[in-house]
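1. Pasting the sequence and the predicted model now:
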Amino acid sequence: MERRAILAAVLMAGLLIAYQFLFVTPPPSPVKPQEKGEGRTAAAPDTTATAPSMSPPAAISAPLAPLPGPVPREVSPAPERTSVVETPLYRAVFGSNGGELKAWELNYRGVKPMVVDGLLGFRGIEIDRAAMPMQMISFALSPQELKLGGQTAEGVVRLTGVDRYGLEVLGTLRFHVDSYVVEQEISVHNRHTVRQNAEVVLPWVAPVEWSKDTSEKFQGQRPVRVVRSAAGSVTREDVHKLVAHTGDGQWIALESEWYVAAMIPQSPGWQLSERKLEERNEAQGKKGEMIEIALRAAIPSLDPGQSWRGKVEYYIGPKEYTHLKAVGVGLEKSIYFGGFPLPQAYGGLPMEWLAVPIMAVLRVFHKYTGNYGAAIILLTIITKVLFFPLTIKSMTSMRAMQALQPQINALRSKYKNDAQRLQRETMELYRANRVNPLGGCLPMIVQIPIFYALYVALSVSVEMQNARFICFGHLPTWVPFLGGQDLWICDLAAHDPTYLLPVLMGMSMFVQQKMQPVVGDPRQAKMMLFMPVLFTFMFLNLPSGLVLYWTVSNVLQIAQQKYMERASRREKPVPRALKKA
């Protein structure tokens with residue numbers, strides 16, 4: 001009996017040990033803190049599943065248990081790692097926390113930071129799941145330094161990371177030595193044992209209101225509008241008036257007048273998103289309203305072992321028409337030239353038809369002169385040469401009207417009480433002598449579209465930003481009224497701080513008016529002499545490049561009038577009797 005009891009106990013113990021070994025899973029070990037950005041959350045340990053550690057993908061080999069929907073918890077931040085990219089056009093710094101863009105400094109007429117760490121810029125790759133907090137992946141970056149130039153025309157930075165639910169995310173950033181475009185490829189691979197759904201989010205943020213303590217590093221650093229292209233049309237919305245929206249489109253961007261940060265989908269499945277959100281601005285140390293533009297791609301349900309791929313591009317740089325057009329998605333439409341929109345079949349905005357060719361001509365002249373001021377002078381000379389035949393007709397018409405002035409004065413005295421009869425008789429007199437009363441206005445009428453197109457080009461074109469003409473240096477701060485200003489024209493896109501150029505323009509306009517034949521009522525001619533004063537005040541705060549164009553145009557007009565007066569004297573010599581008189 002005792003033997004049977006002992007044998008039964010041994011068999012029961014063996015059966016219990018076999019059951020524990022074959023069918024019972026050992027309790028999970030505590031989860032180590034994972035590498036996350038500050039303020040992000042991690043999954044709490046559970047009795048049935050463990051979260052994978054943030055090690056490189058090769059370390060994940062054992063199958064993972066089904067996800068029970070873990071509750072996030074705070075974790076300590078991991079050390080930040082960076083990758084620095086340098087090209088002739090910019091210097092960029094990417095961080096390991098989501099692959100965020102920590103710095104982007106343009107080498108464009110000085111160093112211009114397009115990104116303010118923690119306040120303005122690209123936040124990196126985020127994984128969004130329904131009913132769960134947004135998750136930022138900690139990446140391994142390779143290489144840590146990349147320099148383009150010389151024989152190295154392009155380079156690649158690779159990002160490798162795994163989220164805490166078993167999604168392996170691989171990213172590739174491709175840079176080019178002569179372009180502001182960055183190409184990014186994203187691959188998501190399900191390393192879990194169950195099917196997963198998620199959304200890839202690529203957000204770019206900026207404050208709606210900037211702190212008074214945060215100075216603008218350069219004119220145009222702060223975005224003022226969201227601009228997007230969808231269904232062949234471009235829409236703009238002020239950051240203060242932004243309404244949340246998500247939909248299909250070609251690209252979305254944050255822009256100032258001269259700089260733009262654009263996000264461009266290059267594969268199906270991406271949607272453009274824009275919204276406002278309230279969060280703490282680390283750079284300003286307080287809560288504030290932020291604006292976010294983003295590309296969002298819903299990853300289809302991935303079975304274990306399946307992958308998803310997506311591709312996007314970023315353009316971060318000046319709004320130079322040639323660079324924007326080279327992207328090939330209509331990004332040049334982010335430059336607003338003004339005017340009235342036409343039907344799409346007729347091609348965009350009318351002022352674009354004039355401003356773009358004018359800027360193309362200026363770029364060609366700048367290529368050979370190295371100075372945009374000299375390019376504007378050359379453009380003015382060519383314009384005057386092309387329109388010289390119209391100037392001759394204008395001067396001939398004005399002289400003919402001056403010769404008819406006594407007869408016109410007689411008609412005014414005769415029909416002073418009958419305005420309609422006076423107008424008919426005056427027009428009949430012009431017709432009989434083949435005189436066009438509007439002939440004297442032809443050069444001015446023709447120049448108005450060119451003048452306005454040049455004004456638009458100088459106002460919206462970043463090429464003129466900080467472009468010098470005749471720059472003597474910088475005045476010390478103790479100089480009255482002009483202390484701290486550049487001397488003389490150091491920025492053709494800004495007004496002349498000394499106001500010398502507008503005054504020269506007014507003087508040249510006055511001389512030009514005095515040289516023109518007196519036509520019409522002498523009292524009106526005296527009133528016209530007030531026009532140079534009015535134009536001088538109008539031009540005080542206009543771009544220096546525009547004032548330079550008008551001034552040179554006036555000087556050339558004076559030279560043309562002098563030339564025509566001498567030619568007229570040679571053709572019709574004055575009789576000797578009149579000379580003696």
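-> Perfect, thanks for sending it.

2. How is this structure partitioned into domains?
-> 76-336, 355-571 (automatic domain parsing).

3. Could you identify which of the ones you listed is most buried?
-> domain 76-336 (a mean of 18; mean count of other C-beta atoms under 10 Å). Heads up, the C-betas are built off the backbone N, CA and C, glycines and all.

4. can I get the domains of the chain in JSON lines with mean pLDDT?
-> Putting the domains of the chain into JSON lines (pLDDT from 0 to 100) gives the following:
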{"stretch": "domain 76-336", "mean pLDDT": "91"}
{"stretch": "domain 355-571", "mean pLDDT": "81"}
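
5. biggest helix in the protein by residues?
-> helix 544-571 (DSSP state H).

6. how far out from the middle of the chain is it?
-> 38 Å (C-alpha atoms, centre = their mean, to the nearest Å).

7. That one - contacts with which helices or strands?
-> helix 372-386, helix 388-403, helix 442-460, helix 500-515 (3 or more C-beta pairs under 8 Å, 6 or more residues apart in numbering; DSSP states H and E).

8. now do 6 Å
-> helix 372-386, helix 442-460, helix 500-515 (3 or more C-beta pairs under 6 Å, 6 or more residues apart in numbering; DSSP states H and E).

9. Select, out of those, the one closest to Ser96.
-> helix 442-460 (38.3 Å; C-beta to C-beta).

10. So which elements touch the next helix or strand after that closest one?
-> Remark: after helix 442-460, the chain's next helix or strand is strand 470-474, criterion DSSP states H and E. Packing partners of strand 470-474 (3+ C-beta pairs under 6 Å, 6+ apart): strand 486-489.

11. Kindly export the strand it packs on (C-alpha atoms) in PDB.
-> The C-alpha trace of strand 486-489 is given here as PDB (Å, rounded to 0.1, in the frame of the first residue of the first chain):
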ATOM      1  CA  ASP A 486      22.900 100.500 -44.600                       C
ATOM      2  CA  LEU A 487      24.400 103.000 -47.000                       C
ATOM      3  CA  TRP A 488      23.500 103.400 -49.800                       C
ATOM      4  CA  ILE A 489      21.500 100.700 -51.600                       C
END
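
12. Adjacent strands (with direction) for it?
-> strand 470-474 (antiparallel) (DSSP bridges).

13. Run through who's touching the partner strand.
-> Residues from elsewhere that reach strand 470-474, judged by C-beta atoms under 6 Å, 6 or more residues apart in numbering: Asp486, Leu487, Trp488, Ile489, Cys490.

14. Same check on stretch 408-423?
-> With C-beta under 6 Å, 6+ apart, stretch 408-423 has contacts from Glu425, Thr426.

15. That one: how far from the chain's middle?
-> 59 Å.

16. What's the end-to-end length of it?
-> 10 Å (C-alpha to C-alpha, to the nearest Å).

17. Could you do stretch 362-377 as well?
-> 10 Å.

18. Just name whatever secondary elements the longest strand anywhere in the chain is in contact with.
-> Longest strand in the chain, counting residues (DSSP state E): strand 286-302. For strand 286-302, the packing partners by 3+ C-beta pairs under 6 Å, 6+ apart come out as strand 196-207, strand 270-281, strand 307-318.

19. any idea how far Tyr430 is from the closest residue to Glu154 other than its chain neighbours?
-> Nearest non-adjacent residue to Glu154, counting by C-beta to C-beta, 6 or more residues apart in numbering: His176, 4.9 Å away. To Tyr430, His176 is 64 Å away according to C-beta to C-beta, to the nearest Å.

20. nearest to Phe535, of the contacts of strand 470-474?
-> Ile489 (18.8 Å).

21. these two touch, right, the closest one and Ser544?
-> Yes - under the criterion of C-beta atoms under 6 Å, Ile489 makes contact with Ser544 at 4.9 Å.

22. Throw the contacts of strand 470-474 into a markdown table and include distance to Ala326, thanks.
-> Below are these laid out as a markdown table (distance: C-beta to C-beta, whole Å):
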| residue | distance to Ala326 |
| --- | --- |
| Asp486 | 32 |
| Leu487 | 37 |
| Trp488 | 35 |
| Ile489 | 30 |
| Cys490 | 29 |
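
23. Where does Leu540 fall, secondary structure wise?
-> Per DSSP H and E, there is no helix or strand for Leu540.

24. Now do the same contact list for the residue nearest to it when sequence neighbours are not counted.
-> Distance criterion C-beta to C-beta, 6+ apart; nearest residue to Leu540, sequence neighbours excluded, is Pro502 at 5.1 Å. Listed by C-beta under 6 Å, 6+ apart, the contact partners of Pro502 are Thr536, Phe539, Leu540, Val547.
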